[in-house]
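S.K.: the following block contains a protein sequence and its predicted model.
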Amino acid sequence: MTGLVTMLGSGAMSNDIEGIADSDVMLVIGSNTTETHPVIGLRMQQAAKEHGARIIVADPRRIKLVDNACLWLNQKPGTDIALVNALCHVIVRDDLVDLDFIKERTENFEAFAASVAECTPEWAEKITGVPAADIEKAANIYGTADRAAIFYTMGITKHTCGTDNVRALANLALVTGNLGKRSAGLNPLRGQNNVQGASDMGCLPIFFPGYQRVDDDAARARFEELWGGPLPSKPGLTATEMTQAMIEGRIEALWIMGENPVISDPNSNHARKALENVNFLVVQDIFLTETAELADVVLPAAVFAEKEGTFTNTERRVQRVRQALQPPKGALDDLTIIQLISSRMDYGQELIPYHSLPGRQRNLTAKAEEVFNEISQAWPALAGINYRRLENSGIQWPCPSADHPGTSILFEDGFPIGRAGFMPVSWKGSEELPDAEYPFILTTGRVLYQYHTGTMTRRSKVLETADQGPFIEINPSDAEALHIEDGVQVRVISRRGKIMLPARVTSGISPGVTFIPFHYKEAAANLLTNDALDPISKIPEAKVCAIRIEAAATGS
Ligand SMILES: Nc1nc2c(c(=O)[nH]1)N[C@H]1C(S)=C(S)[C@@H](COP(=O)(O)OP(=O)(O)OC[C@H]3O[C@@H](n4cnc5c(=O)[nH]c(N)nc54)[C@H](O)[C@@H]3O)O[C@H]1N2
Ligand SMILES: Nc1nc2c(c(=O)[nH]1)N[C@H]1C(S)=C(S)[C@@H](COP(=O)(O)OP(=O)(O)OC[C@H]3O[C@@H](n4cnc5c(=O)[nH]c(N)nc54)[C@H](O)[C@@H]3O)O[C@H]1N2
Ligand SMILES: [Mo]
């Protein structure tokens, strides 16, 4: 049996952005869409205002999209499985299931139905804090819609139960037949501009390009032939597993390209210690970041506007990027840097045969095109795409042949590996929960004006002026009990670290729950967060840890 999540291993949207306009219902869960995917957020708002689409928001904070929603499920962080299983419970109980779809395209329905039999809305209310009546209402709205789409992002995945959260959502889409049709689907909105392209290319320890597993002998044989050499058959470590490996001295040298883990990794004190334990650290970045400051060698890279290639966006659309500027003196595009280094290692020139030689900027386009042609040989889903076809607009994969128009909606003609299996999941709490000493839940995330560790956005005067800097959201009742007023400095302490920052007192967050954006090095949320990992995806639990809050005027 193949689970839908395995088929969606790519993490891409099953549907397209254009289809948002015609959705009847959108369940937006763990995604602050208007701030983190503003273009898509705007489409959702338009769909609600102009086409009467009904939006259900499931988020522990009153995000802006709640203004356009018919229902806000204000759940406690880390309780999504209970919530989603209860939605499925009602849908099965009230016969809102799509039986034809279940019979023709899925398997394991009986086991799944049995697994949600006990997940009543009343049970879920106790765990999530969402009134049972609202869960009934949400299940009814989603379950009776013709075209219901799910959108989710980090509020779902950044948990020790992140994989199971996604499986629960996949079950919900399957049981209502909301896959393989327009304006529906299961839609994780990808984060960075080209994170989709990076995962497509195999920037994951278990995959060659195109999600072909390194431990699959047939796949490996194809790549060994294409690349003309032996390849490892064992998956490597994920970035998050590397932290522990560095602490234990199992990693001697590390080459970091375009990441700033000193600020972005959970439990930063631990992450910094790990990086300091590496004998030889190379950082390749466009700026001298906090991580680059720890490096033995810093390789200055060119920015996106200074290079050639393609970006693949969240709806699987492959698009050309063209050089608009020359890089500053000393900086090179990432591809050329990699080529220069590999040509000085064992590889020699032979295995990196892109015809334009390293360093020759003039030939960047030719070189990037050569790489692209190799990609279309390596992965059948891109076989039909080439630079000529990308000249004027992007193409959505899979695009298996030169006359194929690309695919805006996945699974329209069925699932690639036969039937999709329901994957029953059961709720269990987050790894670190509040107690007497650390009584609040901290969840973390983003704001509109800043991008992650701020290396880029914090250099922009316009953004820095518009943004209000670090803050912690606290419910008014908690603030009152702690004698904290809006705007005053507070000290926030977890088992791993402490920071100082101003309080933002708001009823947009529930009692007992707090939120800190992780952009600010002067009040780095990740000094507090928990680095416990999801056992399957190895994603850390950035969205739930336990903290204590003190008025900064008291104690030391
Ligand atoms: N302005 C801006 N835009 C960005 C980025 C940025 O840094 N700045 N980063 C980009 C990247 S790489 C990514 S991955 C995306 C991330 O995009 P999002 O996932 O939308 O961003 P976050 O703010 O991390 O979290 C989203 C929401 O999850 C909610 N949440 C927290 N815990 C839970 C929970 O347990 N359950 C549920 N259901 N919700 C929860 C938070 O309240 C928050 O509103 O944004 C991308 N876009
Ligand atoms: N507490 C908490 N922590 C989180 C999250 C959360 O929700 N909560 N979210 C997590 C998520 S989803 C993400 S994606 C990470 C992001 O974490 P990071 O990726 O570490 O954060 P960025 O600040 O985006 O770092 C990207 C770096 O790439 C550099 N760069 C930009 N363009 C180029 C280029 O063309 N070439 C090279 N070589 N470098 C370039 C930038 O200068 C920057 O230093 O943070 C994670 N950390
Ligand atoms: Mo991300």
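M.R.: Looks like it came in fine. Residues are numbered from 1 along each chain as shown. Ligands and ions are numbered 1, 2, ... in the order given.
S.K.: how many residues are close by Gln468?
M.R.: Counted with other Cβ atoms under 10 Å, the neighbours of Gln468 add up to 10. C-beta here means a position set from N, CA and C on the backbone, and glycine is covered the same way.
S.K.: would it be right to say that it lies in a helix?
M.R.: No. Gln468 sits outside any helix when classified using DSSP: H, G, I helix; E, B strand; the rest coil, being coil.
S.K.: ok, residues contacting the strand or helix carrying Ile156?
M.R.: For Ile156, the host element (DSSP states H and E) is helix 154-157. If you take Cβ atoms under 8 Å, 6 or more residues apart in numbering as the criterion, helix 154-157 is touched by 29-32, 59-60, 77, 80, 162, 165-166, 169, 188, 191, 443, 445, 537, 539, 542-543.
S.K.: kindly recompute the last result at 6 Å.
M.R.: Outside helix 154-157, the residues that touch it by Cβ atoms under 6 Å, 6 or more residues apart in numbering are 30, 165, 539.
S.K.: so the residue nearest to Ile206 when sequence neighbours are not counted, which state does it fall into?
M.R.: Distance criterion Cβ to Cβ, 6 or more residues apart in numbering; nearest residue to Ile206, sequence neighbours excluded, is Pro235 at 4.2 Å. The assignment at Pro235 comes out as coil when based on three-state DSSP.
S.K.: how about the contacts made by Pro235?
M.R.: Contacts of Pro235 by Cβ under 6 Å, 6+ apart are 205-206, 214.
S.K.: angles on the backbone of it, please.
M.R.: Per-residue torsions, Pro235: phi -60, psi 140 (degrees, to the nearest 10).
S.K.: re earlier: of the contacts of helix 154-157, which belong to helices?
M.R.: Using DSSP state H, the members of those that fall in helices are Asn165.
S.K.: report the buried members of the contacts of helix 154-157.
M.R.: If you count burial by 16 or more other Cβ atoms under 10 Å, the buried members of those come out as 30, 165, 539.
S.K.: and of those, the nearest to Thr176?
M.R.: Nearest to Thr176 among these is Asn165, at 17.7 Å by Cβ to Cβ.
S.K.: report the contact partners of Ile472.
M.R.: Ile472 neighbours (Cβ under 6 Å, 6+ apart): 492, 501, 503, 514, 516.
S.K.: redo that, cut-off 10 Å
M.R.: Contacts here follow Cβ atoms under 10 Å, 6 or more residues apart in numbering; on that basis Ile472 touches 440, 442, 484, 490, 492, 499-505, 509, 514-517, 523, 525, 547, 549.
S.K.: one more: Thr314?
M.R.: 11-13, 16-17, 37, 40, 153, 187-193, 195-196.
S.K.: what about it, distance to Glu136?
M.R.: Relative to Glu136, Thr314 is positioned 32 Å away (Cβ to Cβ, to the nearest Å).
S.K.: from ligand 1, how far out is Asp467?
M.R.: Distance, Asp467 to ligand 1, by Cβ to the nearest ligand atom, to the nearest Å: 10 Å.
S.K.: check what pLDDT that residue gets.
M.R.: For Asp467, the pLDDT comes out at 97.
S.K.: where does the stretch 301-450 of the chain get nearest to ligand 1, which residue?
M.R.: Per Cβ to the nearest ligand atom, the residue of the stretch 301-450 of the chain with the smallest distance to ligand 1 is Gly445, at 2.4 Å.
S.K.: tell me who's in contact with that residue.
M.R.: 30-32, 35-36, 59, 61, 63, 153-155, 158, 515-519, 525, 542-543 are the contacts of Gly445 under Cβ under 10 Å, 6+ apart.
S.K.: which of the residues you listed fall in strands?
M.R.: Counting by DSSP state E, the members of these that fall within strands are 515-517.
S.K.: by neighbours, which of these wins?
M.R.: Among the ones in strands among the contacts of Gly445, Ile516 has the most neighbours (other Cβ under 10 Å), with 25 neighbours.
S.K.: count the residues that sit near the nearest residue to that one once chain neighbours are set aside.
M.R.: Excluding the flanking residues, the one nearest Ile516 by Cβ to Cβ, 6+ apart is Ala525, at 4.3 Å. Neighbour count of Ala525, defined by other Cβ under 10 Å: 28.
S.K.: show the pLDDT at Ala525.
M.R.: Residue-level pLDDT assigned to Ala525 equals 98.
S.K.: does it touch Thr444 like I think?
M.R.: Yes. Counting by Cβ atoms under 10 Å, Ala525 touches Thr444, with 4.7 Å between them.
S.K.: give me the common contacts of the two.
M.R.: With contacts defined as Cβ under 10 Å, 6+ apart, the residues adjacent to both Ala525 and Thr444 are 266, 515-519, 542, 545.
S.K.: can you pick out the most distant pair from those?
M.R.: So, these by Cβ to Cβ: farthest apart are His519 and Cys545, at 17.6 Å.
S.K.: neighbour-wise, which of those two wins?
M.R.: A side-by-side neighbour count of His519 and Cys545, using other Cβ under 10 Å, places Cys545 first with 30 against 25.
S.K.: how close does the closest residue in space to that one that isn't next to it in sequence sit to Leu332?
M.R.: The shortest distance from Cys545 to any non-neighbouring residue, by Cβ to Cβ, 6+ apart, is to Asn530 (4.2 Å). Distance check for Asn530 against Leu332: by Cβ to Cβ, it reads 38 Å.
S.K.: need the residues of the stretch 201-350 of the chain near ligand 2, please.
M.R.: By the criterion of Cβ under 6 Å from any ligand atom, the positions of the stretch 201-350 of the chain lying close to ligand 2 are 257-261, 264, 266, 284-287, 289, 301, 303-304, 334.
S.K.: same thing with the chain?
M.R.: So far as Cβ under 6 Å from any ligand atom goes, the chain lies against ligand 2 at 154, 158, 191-192, 257-261, 264, 266, 284-287, 289, 301, 303-304, 334, 444-445, 451-453, 455-456, 518, 525-526, 529, 542.
S.K.: okay, domains of this protein per the record?
M.R.: Domains of the chain are assigned by automatic domain parsing as 2-189, 195-396, 440-551.
S.K.: how far does the second one stretch from start to finish?
M.R.: End-to-end distance for domain 195-396: 15 Å, by Cα to Cα, to the nearest Å.
S.K.: likewise for the last one?
M.R.: The first and final residues of domain 440-551 sit 14 Å from each other (Cα to Cα).
S.K.: show me where the stretch 101-250 of the chain has strands.
M.R.: Under the criterion DSSP state E, counting those that start in this stretch, strands of the stretch 101-250 of the chain are mapped to 106-107, 148-152, 185-188, 207-208, 212-213.
S.K.: deepest-packed of these, please.
M.R.: strand 148-152 (a mean of 27; mean count of other Cβ atoms under 10 Å).
S.K.: so the residue nearest to Thr506 when sequence neighbours are not counted, which state does it fall into?
M.R.: Distance criterion Cβ to Cβ, 6+ apart; nearest residue to Thr506, sequence neighbours excluded, is Glu473 at 5.4 Å. Each residue gets one of three states, and Glu473 gets strand by three-state DSSP.
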